[in-house]
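Peer 1: I'll drop the sequence and a predicted model, then ask my questions.
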Amino acid sequence: MGTFGPAPGGSTPQGATARGWPPSADCQASGGAEIPLESPAALRYPKDTMTELTLRRPDDWHLHLRDGAMLKAVLPETARHFARAIVMPNLVPPVVTGDEARAYRDRILAALPEGMAFEPLMTLYLTETTDPADVAAAHASGLVKAVKLYPAGATTNSQSGVRDLSKVVPVLEKMADIGLPLCVHGEVTAADVDIFDREAVFIDSVLDPLRRQLPGLRVVMEHVTTAEGVAYARSGGPDLGATITTHHLVINRNHILAGGIRPHYYCLPVAKRESHRLALRAAATSGDTCFFLGTDSAPHLDALKEHACGCAGCFTATNTLSILAHVFEEEQALDRLEAFTSLNGPAFYGLPPNTTRVRLVRQSAPLPQPGKIATSLGPVTVFDPGFALYWKVEP
Ligand SMILES: [Zn+2]
């Protein structure tokens, strides 16, 4: 343990199967192949089994709300369906101290439209100079529900992240003492580790040694994207959880790269081979208590996504529940959707599940495409799953 540098080994995932589909007319016009709209699984399952579903109101255990005009534009998209969310702290500058988290929480609540209820669950951004006493005080006051570890350089606004884990051991020991979870962006950032191997290498070279050194530390593996991540989460006991995003249940790396580059599918951790997507679907729909929804919904302006050096992130807050119902229906696991969206997360964080409910009703005609969200800075494209959605959320 110690750095996020190179390590031997890493994964060599096997058994990829290509699955293409046309997410945008643009790609087709520029030479993308003609491929069927719905995924093979969608064609396989019986569609007449269940047409209505009532769930305890979901929570999102990994969300990016940003700040300012973007916050104002995207917050209603989450608050419409979700009661609470773990709000990620990677603003510029990051949310490092308890005071900064309190101020950010106030800005979120001020941006909430009248008549909407939403509880932001705040996180602190772990740096090599984070003060353990400040973390403990922010937790004791009820304000902060987790601390986020970003290996420096791993994703959007992670420049202030941790380079040398030994420097944050005092904070982690304090967190283990008080039961405050560490949310981990589980990727090494060394340039000589292939981007598709970064999660598996992180587990072997950083996460597992860290958990052995601090056995009382509660850890959430954020946005797992690999079969290795799923297997490690399953084997970790009650102090280890894992969030799974909506988009990683839907896309594999072919969807980003085959037939034209699709910047709106580019996210970090990047989507992996089809075999990994299938492992994630099996995990999410298993009902296993260690897996819960963290959308990692991450808005970026279209101008910055459709760019020579496009930003990483998929904006899924708007249609996540409809997509998840579709995925769980394909897997014949609609009876386990509530565990994934509304029960397993609160149980891990030691919070009660929500008492209000949402209703999903299967429509006979496809729902309208959500398209884009308007912000005063420009449009943000909503994630397009590439198949028609039928499950309408009635809050
Ligand atoms: Zn994230």
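Peer 2: Looks like it arrived, so ask away. Residues are numbered from 1 along each chain as shown.

Peer 1: quick one: residues contacting the closest residue to residue 328 other than its chain neighbours.
Peer 2: Once its chain neighbours are removed from consideration, residue 328 has its nearest residue in residue 337; the separation is 4.5 Å (CB to CB, 6 or more residues apart in numbering). All C-beta atoms are positioned from the backbone trio N, CA, C, and that covers glycine. Residue 337 sits next to 53, 55, 324, 325, 328 when contact means CB atoms under 8 Å, 6 or more residues apart in numbering.

Peer 1: in what helix or strand does residue 337 lie?
Peer 2: When elements are assigned from DSSP states H and E, residue 337 belongs to helix 337-338.

Peer 1: how much space between the residue most central in space within the chain and residue 60?
Peer 2: The centroid of the chain falls nearest to residue 296 when counting by CA atoms, centre = their mean (2.9 Å). Counting by CB to CB, to the nearest Å, the gap between residue 296 and residue 60 amounts to 9 Å.

Peer 1: how about residue 97?
Peer 2: Remark: distance between residue 97 and residue 60 (CB to CB) = 24 Å.

Peer 1: same check on residue 77?
Peer 2: Following CB to CB, the distance that separates residue 77 from residue 60 is 11 Å.

Peer 1: give me the common contacts of those two.
Peer 2: Common contacts of residue 77 and residue 60, defined by CB under 8 Å, 6+ apart, comprise 297, 317.

Peer 1: looking at the two, which has the bigger crowd around it?
Peer 2: residue 60 (28 against 22; other CB atoms under 10 Å).

Peer 1: tell me what the more buried one is bridged to.
Peer 2: On the basis of DSSP bridges, residue 60 is bridged to residue 85.

Peer 1: which helix runs longest in this protein?
Peer 2: Across the chain, the helix with the greatest residue count (assigned by DSSP state H) is helix 98-111.

Peer 1: residues in contact with that helix?
Peer 2: By CB under 8 Å, 6+ apart, the surrounding residues in contact with helix 98-111 are 65, 67, 71-72, 75, 87, 89, 91, 95, 118, 120, 122-124, 134-135, 137-138, 141, 143-144.

Peer 1: those residues, buried ones only, as a PyMOL selection?
Peer 2: Taking 16 or more other CB atoms under 10 Å as the burial criterion, the selection of buried members of the contacts of helix 98-111 in PyMOL is written as:
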select buried, resi 65+71+72+75+87+89+91+95+118+120+122+123+124+134+135+138+143+144
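
Peer 1: restricted to helices, list the contacts of helix 98-111.
Peer 2: Filtering the contacts of helix 98-111 for membership in helices, criterion DSSP H, returns 71, 72, 75, 134, 135, 137, 138.

Peer 1: go through those residues and name the one nearest residue 236.
Peer 2: Of all the ones in helices among the contacts of helix 98-111, the one sitting nearest residue 236 is residue 135; the distance, using CB to CB, is 22.6 Å.

Peer 1: would you mind naming the helix or strand containing residue 229?
Peer 2: When the helices and strands are read off by DSSP H and E, the one containing residue 229 is helix 227-234.

Peer 1: chain center to that helix, what's the gap?
Peer 2: Average the C-alpha atoms of helix 227-234, do the same for its chain, and the two points are 16 Å apart (CA atoms, centre = their mean, to the nearest Å).

Peer 1: okay, and the beta partners of residue 378?
Peer 2: As for beta bridges, residue 378 partners with residue 375 under DSSP bridges.
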